Structures are given as C-alpha cells and as structure tokens.
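**Q** The following comprises the amino acid sequence and a computationally predicted model.
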Amino acid sequence: MAFEDEVGVLLGAQGLEGMIHGVSGELYVRVEEEGFREALERLSGGRLILIDLFCAEGFGGRGGFTLFYVFEKRGERKVLVLERQASGEATSSIADLFPTACWYERQIHDGFGLVFEGAFDMRRLFLHEVYPEGFHPLLKSFKNKKFGYGADATQMEEYRFKEVKGDEVYQIPVGPVHAGIIEPGHFRFSVIGETIFNLEVRMFYKHRGVEKLAEGKNPMDCVKIAESISGDETVANSVCFCNAVERISSLDVPSRAWHIRTVYLELERIYSHLSDMAGMVLDVAYPAGSSQFYILREEFFRLNESLTGSRFMRGAVTVGGVGKDMEHANVKAVEDHLRGFSKRFEDAVESVESTTSVVDRLERSGVIRRELVEPLNLTGPVARASGAAIDTRADHPYGAYKAVTARTMEAGDVMARFQVKAAEIRDSSAIIHMMLRELPGGDFAVEPNIRDGYALSMVESARGQNMHWVSIRDGVVDRYRVRAASFCNWQAIEHAVLGNIVPDFPLINKSLNLSYAGTDL
C-alpha cells in the first residue's frame, strides 16, 4: 500500500480529503480539531514516530497558531506533517499518546504562550526563572532587544525537579557550571550509595533565540545563523538549511556541488567521531590511547582549513552550491591525507580494544535498550549502537548519497557506541574517496532565485538526524524551525545511567556526545 493510501486509512475520513502534496518527500494533511484526537490515536497504533512538533503564527495568511506534527515511518522515504489550527490560546496535549511531545509542547508554550491542556508536565523549558510572565519570544509581536534580567524578572518561580523519596535516597546536583570549557547543563541525580536510580536533565541555560533571529531576514543571510547553531555541526546544519531553501525555490544544485558538500559532511563526521572516541578513552584514565585520536582530529582540522579557510568549514556551503570549487590539488591533498590516516587510525583503535582495563570500563556501561529508540526518537550512533538500523542518508537520501549502510551493534553500551563510531569513520573515508573519484565537472554553484513557500529538510549529522523547516514569505524567512538530533538524544541519557555508578556518568555522557548548543537554540 502506498504511503498516501496508508495515511488516508489511518486518518479516516479526514485523510485523503485534507492531503496536501508538499515538495517531494513531504505529505501535509490539515486535520480539523474535532477529529484530531481520534486521528492521533490511529497514528500511534500505526507505527508512526513523532519526530518533531512545532508552531507557526499566521502561517499561510491564516490568523492564530498552526501546529505542525511531523511523523516518520521506518522504511518509508516520505514524512507526514499534520497541520492543526489552534483555536485561542489553548489546545489539547498529545503527550499521553506520544511521550516525546512533552518537550515539544513545553517549548511551544515558552515560545508562543500556547497552553496544552491535559499535559503531564508544563514546566518551563527554555525560558528559565529570570524571564517574566508573559514573555514569549517567538510571537510576531515580540521584537528582539536587550533583555534586562534583574528589573523585568518580577516573578522568580523556582524550577521544581522531580522529587524522589525513600530511605537513604539523596540528591547529587551537578552543574549547570562545569569544569573546563563545556556549556552549561544541570544533572540532578537520585542515588542510594553510588548507584543511580533516577536522573533528570535540565538544559537551555544559554537560549540564543536562533529561530527568532532568522525571522524577517533574506535566506542568503541566514546561512551564517545555521552555521552557528553548533560548532561541530557547521556543515550539517548549513547543508540542511540550504537544502530546504533550495527545495522551496526548485533550485537545481549542480552535481559537482553536492559531491563537494558530501566530502565536507563526511570530514565533519570523522573529526567529530574522533573527538568522541578520544573523550571516552580519556574518561577511563587512558591518556596514551586518547592522545592518538586527538592528534588525528587536529590534523583533520588543519585539512579543513586548507580546503575552506575555516577549521570548522564555515562559509563552505551556500544556497545553490558551495562557496568555492575544489581544485585538483585539494582533491589530491584529501586523498593523500586519508591514505596516511587509515593505518594510524586502526592502530589507535587496536590499542584501545586490546587494553583490558579500558574494555572493562566501556563494556556494560550506559546501556540504552533497543525498545527506547522509537518512543524517544533516538537517532545517529546512539540508536545504531542499540541495534536500530536507521540513518537519514539511507532512509531519506539527499544530495550525492547512494547506498549507505547503517552500522549497528546490539549491546547498546559505551563499547558499542565506540565501535559504531569507528566503523562509521571507515565508511566516511570510503564515501569521501568515492565522491572525489566520481567528482563531476561543471559548476560548483548556481545563482539562487528565491521563491516563497515552505519545505522540510533532514540531514544525518555526526550525532544523528537534524531537521530544519523553513517558511519563506515575501522573499524573507517567515519561520525557521530547527530540531537537532541532540534535542531528542538528551532524553536517552536519563535511561542510560540507571543502575550505573555516579563516577561512570562522564564516560556515558561523552559516549553520547550530545550538543548543549545544538539543543539550546
């Protein structure tokens, strides 16, 4: 059965009648409020996964708020987007049907002031105590300005963590300020002795207003905003944003540009995974092993700079292609670098896997069960290390990607994540060699002719599935929505640490490599 027909069956009478065929790969369906709950109940039983939920004000010239519920089904290349018109300032929650909706609903409440009736958790998410009541920065009426925390924050309501009671239970607060240079995040452990039996994560200490910042700007000027979301996902996010704009505008991006973009995407994946592997090994007190990965990572940064002028490859991707061509000398430099890298990388992996004290710490630590992948919408190496063969490059192909194999392990522990990332580095090297070997001639960019419309774009970053939705109206960005892989994967750590001891938390955290900045937009 075609996906459109299956959706029609699941949604009942509202299905095919409300079907809107968006750009390729997207199915938009407007569902009336009267039958919305019943439609969602059918979807929850149809093995569809809620991968995002966001809000737009005044969408399509309509007044009020439009909610977009984005669903994915394993094995299906198209995604389903339900449009729901919110009446007034309140609507019903769906968190009882799709638990992942909890964070999304809290996020929408903070941004737009929309109340979700029946929600089991409506605490503030990204607006912390210092923000006053009635402060909703994603409303069209809100104007960006310097915010005076002390004078305007008249109601400093304390954030209530989930309370765990029992004999000999005590709380360990960690953060939000940490040692070193990492960004802020708070972890509230409930422990007996050293064993963790509950963890609550609180992020969003550095909300930057990224989505609001793009509003009203020329899409060409928003590429730098996309690049700034998370430093080590510069290419993934810029490609994701540009791809959405290109799909809206029906731009035919040259094949040469997509091959070069793919090289940059895979270089980013390699250096990111090298950092993770080094961090895991360092956290179990094996600096001799971690230093090998750090050295290799630094060499990739230098290669990136020689190719693009930036260690993080900022400015490498533009709407319509790439910022500059890849000359023959650059092609040779990348190929030579990868050939020299391969043997040293395998030696570094072997040094870890043959050191029993390291293996003993990595194995059976931080297990994420396979059955959590779909309910939490876990993606990337986190999901693949728990046996889920999902990869956006294969499930929703884009650009120059062809046959990509999702590398999986079954154990779901730190060692499995280490080994999945090692396998993906090997695959990334092979993909880069293929892109360079098959690099076509022609232009490396086209002149963009920006049109009005909206489109969704998904890219497999080093951490997993990043999703950008862009709406352009009158030639400028009317709404920009970003959902990075970390936004969902952060919720996995609350399960991964259970039954482990507190000293293993840094190791488990590093193995997931979750981005604070990529979550705290």
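**A** Perfect, I can see it now. Numbers count the residues shown, from 1 in each chain.
**Q** just the strands in the stretch 251-400 of the chain please.
**A** 317-318, 321-322 (DSSP state E, counting those that start in this stretch).
**Q** Export the ones you listed to a markdown table and append columns for distance to residue 370, mean neighbour count and mean pLDDT.
**A** Every residue, glycine included, has its C-beta placed from N, CA and C. Below are the strands of the stretch 251-400 of the chain laid out as a markdown table (distance: least, CB to CB, whole Å; neighbours: other CB atoms under 10 Å; pLDDT from 0 to 100):
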| stretch | distance to residue 370 | mean neighbour count | mean pLDDT |
| --- | --- | --- | --- |
| strand 317-318 | 34 | 24 | 98 |
| strand 321-322 | 38 | 26 | 97 |
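**Q** So which of the ones you listed is nearest residue 519?
**A** strand 317-318 (22.0 Å; CB to CB).
**Q** now the closest one, how far from the chain's geometric center?
**A** Here the centre of strand 317-318 is set off from its chain's centre by 19 Å, with CA atoms, centre = their mean, to the nearest Å.
**Q** hey, what's residue 455 bridged with?
**A** residue 470 (DSSP bridges).
**Q** Quickly note the distance from it to residue 227.
**A** 19 Å (CB to CB, to the nearest Å).
**Q** same thing with residue 468?
**A** Residue 468 sits 12 Å away from residue 227 when distances are taken as CB to CB.
**Q** which neighbours do these two share?
**A** residue 237 (CB atoms under 8 Å, 6 or more residues apart in numbering).
**Q** what about this protein, any weak spots by pLDDT?
**A** 1, 13-18, 21-22, 46, 145-156 (pLDDT under 70).
**Q** what's the top helix by length along it packed up against?
**A** Longest helix in the chain by number of residues (criterion: DSSP state H): helix 255-282. On a contact count with 3 or more CB pairs under 8 Å, 6 or more residues apart in numbering; DSSP states H and E, helix 255-282 meets helix 234-248, helix 287-308, strand 321-322, helix 328-353, helix 414-437, helix 505-512.
**Q** With distance to residue 94 added, can I get the ones you listed in TSV?
**A** Formatted as TSV, those follow (distance: least, CB to CB, whole Å):
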stretch	distance to residue 94
helix 234-248	25
helix 287-308	42
strand 321-322	40
helix 328-353	44
helix 414-437	31
helix 505-512	27
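**Q** element containing residue 472?
**A** Element membership for residue 472 (DSSP states H and E) is strand 465-473.
**Q** list the helices and strands that strand packs on?
**A** strand 49-57, strand 65-72, helix 234-248, strand 453-460, strand 476-483.
**Q** switch the cut-off to 6 Å
**A** Applying 3 or more CB pairs under 6 Å, 6 or more residues apart in numbering; DSSP states H and E, one finds that strand 465-473 contacts helix 234-248, strand 453-460, strand 476-483.
**Q** Can you report how many residues neighbour residue 376?
**A** 21 (other CB atoms under 10 Å).
**Q** Would you mind measuring from it to residue 485?
**A** For residue 376, the distance to residue 485 - CB to CB - is 12 Å.
**Q** What of residue 335?
**A** For residue 335 relative to residue 485 (CB to CB), the value is 29 Å.
**Q** Over to residue 288?
**A** For residue 288 relative to residue 485 (CB to CB), the value is 31 Å.
**Q** Have a look at those two and say which one is more surrounded.
**A** Legend: neighbour count by other CB under 10 Å for residue 288 and residue 485, higher for residue 485 (31 against 9).
**Q** who's in contact with that one?
**A** 379-380, 461, 463-466 (CB atoms under 6 Å, 6 or more residues apart in numbering).
**Q** Now those in TSV, please, with extra columns for distance to residue 30.
**A** Output for those, formatted as TSV (distance: CB to CB, whole Å):
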residue	distance to residue 30
379	28
380	32
461	31
463	33
464	30
465	25
466	26
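**Q** ChimeraX command to pick out the buried ones of the residues you listed?
**A** ChimeraX command restricting the contacts of residue 485 to the buried ones, with burial defined by 16 or more other CB atoms under 10 Å:
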select :379,380,461,463,464,465,466
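**Q** Looking at the contacts of residue 485, which one is closest to residue 502?
**A** residue 463 (24.6 Å).
**Q** what helix or strand does that closest one sit in?
**A** Using DSSP H and E, no helix or strand contains residue 463.
**Q** unless I'm mixing things up, it is touching residue 379, no?
**A** No: contact criterion CB atoms under 6 Å: residue 463 and residue 379 do not qualify, at 7.9 Å.
**Q** Now residue 215. Nearest residue, chain neighbours left out?
**A** Distance criterion CB to CB, 6 or more residues apart in numbering; nearest residue to residue 215, sequence neighbours excluded, is residue 477 at 6.0 Å.
**Q** err, residue 431, not the other one
**A** Closest to residue 431 by CB to CB, 6+ apart is residue 266, at 5.1 Å.
**Q** Contacts only, for the one you found.
**A** Per CB under 6 Å, 6+ apart, neighbours of residue 266: 428, 431-432.
**Q** how is the chain carved up into domains?
**A** Residue ranges of the domains in the chain are recorded as 3-152, 210-519, according to automatic domain parsing.
**Q** tell me the most buried of those domains?
**A** Among these, the stretch with the highest mean neighbour count (mean count of other CB atoms under 10 Å) is domain 210-519, at a mean of 20.
**Q** Just the terminal-to-terminal distance for that domain.
**A** 11 Å (CA to CA, to the nearest Å).
**Q** Identify each of the helices in the stretch 51-200 of the chain and give its residue range.
**A** 101-112, 149-152 (DSSP state H, counting those that start in this stretch).
**Q** Output the first one in PDB, but only the C-alpha positions, please.
**A** This points to helix 101-112. Only the C-alpha atoms of helix 101-112 are listed here, as PDB (Å, rounded to 0.1, in the frame of the first residue of the first chain):
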ATOM      1  CA  ALA A 101       5.700  15.500  22.600                       C
ATOM      2  CA  CYS A 102       6.300  16.600  26.200                       C
ATOM      3  CA  TRP A 103       9.500  18.700  25.500                       C
ATOM      4  CA  TYR A 104       8.000  20.000  22.200                       C
ATOM      5  CA  GLU A 105       4.800  21.200  24.000                       C
ATOM      6  CA  ARG A 106       6.800  22.900  26.700                       C
ATOM      7  CA  GLN A 107       9.000  24.500  24.100                       C
ATOM      8  CA  ILE A 108       5.900  25.800  22.200                       C
ATOM      9  CA  HIS A 109       4.400  27.100  25.400                       C
ATOM     10  CA  ASP A 110       7.600  29.100  26.200                       C
ATOM     11  CA  GLY A 111       7.900  30.400  22.700                       C
ATOM     12  CA  PHE A 112       4.300  31.300  21.900                       C
END
